[in-house]
Every structure is written in structure tokens, then in C-alpha cells.
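Asks: What follows is a predicted protein model with its sequence.
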Amino acid sequence: MKDLFIWICENPKKKSIVAVLNKPKLISEIASDVAKRLDLKQKPAISGYIKELENCNILKCLTPKLGRGKPGNVFGLTRKGIEIASKIYSQINEKFCYKKPKGIDWQNYGWCLTGTQKKAVLVSLEQKPLRQHEIRRKIKELYKDRNSNKGISRQNLNDILKQMIEKGFAKKEETWIIKIKRRMKPIRRYHLNKEGLRINNQALIQ
């Protein structure tokens, strides 16, 4: 068999897949980055190339429990893959840095990044605990320049927050206050725990 480095570099898409993986990514993210690198108008079909590179121990699926082809699958480079990516970047006199922290549940990571709204909720909670109306306002501020994101409904936000709490990387705090006629009313704020913050920091890496 040919030298792996030569074999990968002979195919622009395989080479680009390895080159854009500076961190673990979803297939959709990889395809989007490959399209930008190769100046393509549409995302290319790369599932077959991903499988070939995985079989050659260049890539590794970090979410094997999900099953192949399922939404939320995350792929990263192996040690061999990092070596090949470093060689690719050395050709243009640039240093390659692979960012894969420890302590992340990659299934939770993939779940958060599958869908614009889930990622928007994750990012909005990075700094401090927020009430639901504050989260919705923050999302509008963060994505005001994106025509594809006009905000999030109350129901969708409530569902996403509930799932984040169930998956163990977000928490809900309740403070009870006295309202008119001395009725008690809860104020609910949501925030990320340590794992949630790690997921968010990893998601924001460019």
C-alpha cells in the first residue's frame, strides 16, 4: 500500500478532511469546513472518505454508542492523524494544533451541536445564570445578523433546557419571592455546570 501521507494528499477531499480537523467535529461541520477550504459552493459528500480514513486509523469516532450515520456523531484525529495533519501544515510552514480536552462527554457535545437552537442556548449560558426570557433575548442578540435564526420559541427553549438538565450538564436554580397578596412565586435561572462549560468552550474553538 502507498505511504498514507501520499495516499491522503493525492485526494483533495481526504487531505482537506484531515486538515480541517483542528478539533473533534460533527460530519456536517467537517463537510462545511472542507467546502470552504476547497472553495466549493455546496457541502461535499464525505461519509465514504470518513469511513476510509477511519479504517486506516487516521480518524476515530468519539461517539460509537450512537451508531454510524446517527445525528450527533463526532469524529476526531488519532495520534497517526495528528502526525499527518502536522505534515500537511508543514508544507505551508504553519504549525498544526489539535484541541481535544479531557473530561467531555462527546455524545452530549454532539447533541448540543446538532441544531442551531441547541448550540445557541448553550452559548447564551456561558457567562452567568439566566431566566428563560433573558436566554431568548440573549439568543436574539447573538444571532441578530443571521437571517436563518429569528429566535427561539418558549416551548422549544423549555424542551432544550429540560433535556440539558436531564443529560447532566446544566442546572436550574429556584428563588422564591413574595408577590402581590403575599403569593409566592418562583424565579427560575439556568446555568451550565463544569461539564457544560467544557462543552461550550470546545464548541467555540475556531
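Replies: Alright, I've got the coordinates.
Asks: rest of the way, CA atoms for contacts and neighbours
Replies: Fine.
Asks: What's the first helix or strand after the helix or strand bottoming out on mean pLDDT in the chain?
Replies: Every helix and strand of the chain was ranked by mean pLDDT, DSSP states H and E. The lowest is strand 170-178, at a mean of 79. Once strand 170-178 ends, the next helix or strand along the chain (criterion: DSSP states H and E) is strand 184-192.
Asks: Can you tell me which helices and strands that following strand packs against?
Replies: For strand 184-192, the helices and strands in contact under the criterion 3 or more C-alpha pairs under 8 Å, 6 or more residues apart in numbering; DSSP states H and E are helix 132-142, strand 170-178.
Asks: the inter-axis angle of that strand versus helix 132-142?
Replies: Regarding strand 184-192 and helix 132-142, their directions subtend 40 degrees when assessed with axes from the mean of the first three to the mean of the last three C-alpha atoms, to 10 degrees.
Asks: Could you tell me how far strand 184-192 lies from the centre of the chain?
Replies: Mean C-alpha position of strand 184-192 versus that of the full chain (C-alpha atoms, centre = their mean, to the nearest Å) differs by 27 Å.
Asks: Tell me who's in contact with residue 20.
Replies: Under the criterion of C-alpha atoms under 8 Å, 6 or more residues apart in numbering, the neighbours of residue 20 are 30, 33, 34.
Asks: Local confidence estimate at it?
Replies: According to the predicted model, the pLDDT of residue 20 comes to 96.
Asks: Tell me how far it lies from residue 153.
Replies: Taken as C-alpha to C-alpha, to the nearest Å, the spacing of residue 20 relative to residue 153 amounts to 34 Å.
Asks: Show me the shaky parts of the chain.
Replies: Scanning the chain for pLDDT under 70 picks out the ranges 1-2, 144-150, 176-183.
Asks: and the lengthiest helix in the chain with helix 132-142, angle?
Replies: Of all the elements of type helix in the chain, the one with the most residues (DSSP state H) is helix 154-167. When the same axes, to 10 degrees is applied, the directions of helix 154-167 and helix 132-142 differ by 100 degrees.
Asks: Show me what helix 154-167 is packed against.
Replies: helix 116-124, helix 132-142, strand 170-178.
Asks: deepest of these, which one?
Replies: Burial of the helices and strands packed on helix 154-167 is given as mean neighbour count (mean count of other C-alpha atoms under 10 Å); helix 116-124 ranks first at a mean of 20.
Asks: got the contact list for that helix?
Replies: Contacts to helix 116-124, defined as C-alpha under 8 Å, 6+ apart, come from residues 112-113, 135, 138-139, 142, 149, 152, 157, 160, 192, 196, 200.
Asks: how about it as CSV, C-alpha atoms only?
Replies: Taking only C-alpha atoms (Å, rounded to 0.1, in the frame of the first residue of the first chain), the coordinates of helix 116-124 have been written out as CSV:
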residue,chain,number,x,y,z
THR,A,116,-28.7,25.8,15.7
GLN,A,117,-31.1,26.4,18.6
LYS,A,118,-29.4,23.9,21.0
LYS,A,119,-26.0,25.5,20.3
ALA,A,120,-27.5,29.0,20.7
VAL,A,121,-28.9,28.0,24.2
LEU,A,122,-25.5,26.5,25.1
VAL,A,123,-23.6,29.7,24.1
SER,A,124,-26.1,32.0,25.8
